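> show me the folded form of this:
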Amino acid sequence: MHVLLRDRMKNLQEKDQHWVHPVTALMDHQAKGVCAWESAEGIHLVDVNGHRVQDAFSGLWCVNAGYGQKSIVEAAKKQLEVLPYATGYFGFGSEPAIELAYRLAKLAPPGLNHVIFGQGGSDAVDTAIRTVRYYFNAIGQPEKKHFIAVQRGYHGSSAVGSGLTALPVFHRYFDVPTSTQHHIEAPYPYRHSAGPDEASVLAATVAALKSKVHEIGRGNVAAFICEPIIGSGGVIVPPAGYLKAMRATCDELGILLIVDEVITGFGRTGPMFGCEHEGVSPDIMTMAKGLTSGYAPMGATIISEQIYAALAEAGSDGTPFGHGQTYAGHPVSAAIANATLDLYENGLLKNGTEVGEYFQSKLRSLEKLDVVGQVRGRGMLAGVELVADKHTRAKPDAKLKIGQKILAHAFSEGLVFRAFNDDILGFAPSLNYTHADVDKLIEILTFSIEKVTGARWI
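Purely as a prediction, here's the structure:
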């Protein structure tokens with residue numbers, strides 16, 4: 001058996017050289033080789049060597065319902081047998097996609113009631129951008145072409161959305177951002193130029209948006225895009241009232257508000273959508289990931305009645321709205337999404353909210369370690385920021401790769417999460433976690449931090 005396993009791994013490693021892995025240092029990967037997953041159940045992953053780990057990152061912030069949900073699998077199987085594909089072009093459709101659009105419109109914040117389907121988060125953002133351009137052209141304001149986002153924000157890695165993403169690796173050598181894509185300082189209380197006071201950070205963020213719009217020219221700015229909680233930029237929780245303030249500011253400036261809920265949607269922070277914490281209705285909202293719990297690719301962009309009416313009127317002469325993809329509204333993905341929504345609505349969101357409070361409480365206990373500067377998050381989403389000095393908030397030497405070393409140690413102990421490049425550890429446990437699962441996560445994480453850093457409790 002040992003020989004067979006060794007030969008299997010060698011075969012996989014050789015074949016894997018043909019896969020250009022996403023967001024991966026390619027030469028490092030060639031030298032190290034792939035970690036190939038073989039199976040998953042509940043909250044655990046098992047690799048081809050039989051190593052079992054608790055997945056505290058839900059795949060890539062997406063397996064919100066956990067692995068092996070039989071109702072989702074059965075929904076996919078049934079749909080594959082009945083109708084494996086149906087186009088949404090030319091007035092065609094399928095019952096699962098129609099039902100899903102209706103449900104999402106009912107679940108979304110008030111005023112968002114028209115759904116454009118896609119395949120994932122990146123193209124959901126691209127759809128939002130294309131729709132905004134179309135909208136302003138259609139209503140006779142073609143000069144509105146500029147978009148504003150925040151530093152450290154993430155809005156996909158597509159040719160267009162990557163310019164609104166504000167993480168260096170997604171810009172390097174890709175010729176983005178473009179001249180119509182701009183960024184303001186992130187609402188990051190722990191490291192904001194206005195200092196740690198949340199009220200000051202919020203006021204500075206509002207002022208920065210107004211200043212940027214004034215600089216570009218109010219008549220030239222189309223929209224501001226943000227996440228309720230900045231995800232890939234380090235799980236940064238903005239000051240309370242952030243979304244509400246951005247909504248009011250966008251209204252004052254005459255620009256649209258796009259809220260990117262790709263990470264925060266579907267119970268990740270407690271309610272179905274992060275917007276619900278502040279009762280905010282954006283003009284456009286993007287979603288993906290938890291929509292299907294990662295069981296199949298799917299994204300969606302939900303637009304307001306006002307925007308939809310302009311799109312429809314622009315085609316009153318019979319000209320189609322020229323946007324779509326082959327797999328938009330795919331019936332199997334839609335069937336999976338409907339089954340996933342059933343789970344959320346029938347207890348999973350409630351469990352995630354309850355366990356999320358416990359998770360946040362337990363994780364914050366790590367702030368008593370001298371190497372932990374801040375623990376932040378909401379619900380089943382959290383970040384742990386490591387520091388070299390707790391008082392000055394100085395970062396560890398990047399060359400030491402402390403976060404990566406903690407992740408490697410934790411992985412060997414049976415836990416996987418995400419280690420961002422600037423020594424922030426990211427967590428996104430699935431909504432089916434129990435208190436005991438959280439306890440195990442904290443136990444392994446604490447042990448790994450202490451082992452790698454020699455951390456002291458203070």
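> any idea which residue sits dead centre in the protein?
The residue lying closest to the centre of the chain (Cα atoms, centre = their mean) is Ile263, at 2.5 Å.
> now that one: closest residue in space, sequence neighbours ignored.
Sequence neighbours aside, Gly231 is the residue nearest to Ile263 in space, at 3.9 Å (criterion: Cβ to Cβ, 6 or more residues apart in numbering). C-betas here are computed from N, CA, C, even on glycine.
> do you know how far the one you found is from Leu381?
The gap separating Gly231 from Leu381 is 8 Å, by Cβ to Cβ, to the nearest Å.
> these two: which is more packed in?
When Gly231 and Leu381 are compared for neighbours, Leu381 comes out ahead with 27 against 24, by other Cβ atoms under 10 Å.
> go ahead and confirm that one touches Thr269.
Yes. Between Leu381 and Thr269 a contact is recorded at 5.7 Å, counting by Cβ atoms under 8 Å.
> average model confidence for the helix or strand containing Asp439?
Using DSSP states H and E, Asp439 sits in helix 435-453. For helix 435-453, mean pLDDT rounds to 98.
> alpha carbons only: can I get that helix in CSV?
Extracted as CSV, the C-alpha positions of helix 435-453 are listed here (Å, rounded to 0.1, in the frame of the first residue of the first chain):
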residue,chain,number,x,y,z
HIS,A,435,-18.9,24.7,20.0
ALA,A,436,-16.6,21.7,20.2
ASP,A,437,-15.3,22.3,16.7
VAL,A,438,-14.5,25.9,17.7
ASP,A,439,-12.7,24.6,20.8
LYS,A,440,-10.5,22.3,18.7
LEU,A,441,-9.7,25.2,16.3
ILE,A,442,-8.6,27.5,19.1
GLU,A,443,-6.6,24.7,20.7
ILE,A,444,-4.6,23.9,17.6
LEU,A,445,-4.2,27.6,16.6
THR,A,446,-3.0,28.6,20.1
PHE,A,447,-0.5,25.8,20.2
SER,A,448,0.8,26.6,16.8
ILE,A,449,1.3,30.3,17.5
GLU,A,450,3.1,29.5,20.8
LYS,A,451,5.3,26.9,19.1
VAL,A,452,6.3,29.1,16.1
THR,A,453,6.7,32.5,17.9
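> centre of the chain to that helix, how far?
24 Å (Cα atoms, centre = their mean, to the nearest Å).
> could you do stretch 19-36 as well?
A distance of 22 Å separates the centroid of the chain from that of stretch 19-36, by Cα atoms, centre = their mean.
> pull out the buried residues from that stretch.
The neighbour-count check on stretch 19-36 (16 or more other Cβ atoms under 10 Å) flags Val34 as buried.
> and for stretch 419-432?
419-420, 423-432.
> make a markdown table out of these and add pLDDT and distance to Met285.
Output for the buried residues of stretch 419-432, formatted as a markdown table (pLDDT from 0 to 100; distance: Cβ to Cβ, whole Å):
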| residue | pLDDT | distance to Met285 |
| --- | --- | --- |
| Ala419 | 98 | 29 |
| Phe420 | 96 | 25 |
| Asp423 | 96 | 32 |
| Ile424 | 98 | 26 |
| Leu425 | 98 | 28 |
| Gly426 | 98 | 23 |
| Phe427 | 98 | 24 |
| Ala428 | 98 | 19 |
| Pro429 | 98 | 24 |
| Ser430 | 98 | 22 |
| Leu431 | 98 | 20 |
| Asn432 | 98 | 25 |
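> now, which of those residues sits nearest Ala208?
Ala208 lies nearest to Ile424 out of the buried residues of stretch 419-432, by Cβ to Cβ, at 22.5 Å.
> and the closest one, bridged to which residues?
Per DSSP bridges, the residues bridged to Ile424 are Glu385.
> for it, give its distance to Ala328.
34 Å.
> Ile236 too?
31 Å.
> ok, now Leu100?
Distance of Leu100 to Ala328, computed by Cβ to Cβ: 12 Å.
> same question for His214.
38 Å.
> neighbour-wise, which of the two wins?
Ala328 (21 against 11).
> list the buried residues in stretch 35-49.
40, 42-45, 47.
> and stretch 125-136, how far from the chain's centre?
With Cα atoms, centre = their mean as the basis, stretch 125-136 stands 20 Å off its chain's centre.
> sorry, wrong one. I was asking about stretch 213-229.
21 Å.
> end-to-end on that stretch?
Across stretch 213-229, the terminal residues are separated by 23 Å (Cα to Cα, to the nearest Å).
> wait, a helix at Ala296?
No. Under the criterion used here (DSSP: H, G, I helix; E, B strand; the rest coil), Ala296 is coil, not part of a helix.
> ok, it touching Pro331?
No. Counting by Cβ under 8 Å, Ala296 sits too far from Pro331 to count as a contact (10.5 Å).
> neighbour count for the two, which is higher?
Remark: of Ala296 and Pro331, Pro331 carries more neighbours, 24 against 20, as counted by other Cβ under 10 Å.
> which ones are touching that one?
With contact set as Cβ atoms under 8 Å, 6 or more residues apart in numbering, Pro331 has these partners: 79, 83-86, 94-97.
> weed out the non-buried ones from the residues you listed.
Buried by 16+ other Cβ under 10 Å: 79, 86, 94, 96-97, out of the contacts of Pro331.
> mind putting those into JSON lines with distance to Leu4?
Listed next are the buried ones among the contacts of Pro331 as JSON lines, based on distance: Cβ to Cβ, whole Å:
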{"residue": "Gln79", "distance to Leu4": "36"}
{"residue": "Ala86", "distance to Leu4": "43"}
{"residue": "Ser94", "distance to Leu4": "43"}
{"residue": "Pro96", "distance to Leu4": "41"}
{"residue": "Ala97", "distance to Leu4": "44"}
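> touching, Gly279 and Lys244? I think so.
Yes. In this structure, Gly279 is within contact of Lys244 by Cβ under 8 Å, at 7.4 Å.
> my guess is Gly59 meets Gly290, correct?
No. Gly59 is beyond contact range of Gly290, at 10.4 Å (criterion: Cβ under 8 Å).
> who's more crowded, those two?
Neighbour count, other Cβ under 10 Å: between Gly59 and Gly290, Gly290 has more, with 29 against 18.
> which SS class is that one?
helix.
> which non-adjacent residue is nearest it?
Closest to Gly290 by Cβ to Cβ, 6+ apart is Phe266, at 3.1 Å.
> ok, that neighbour to Asp123 distance?
In this view, Phe266 and Asp123 are 18 Å apart by Cβ to Cβ.
> many thanks, I have nothing further to ask.
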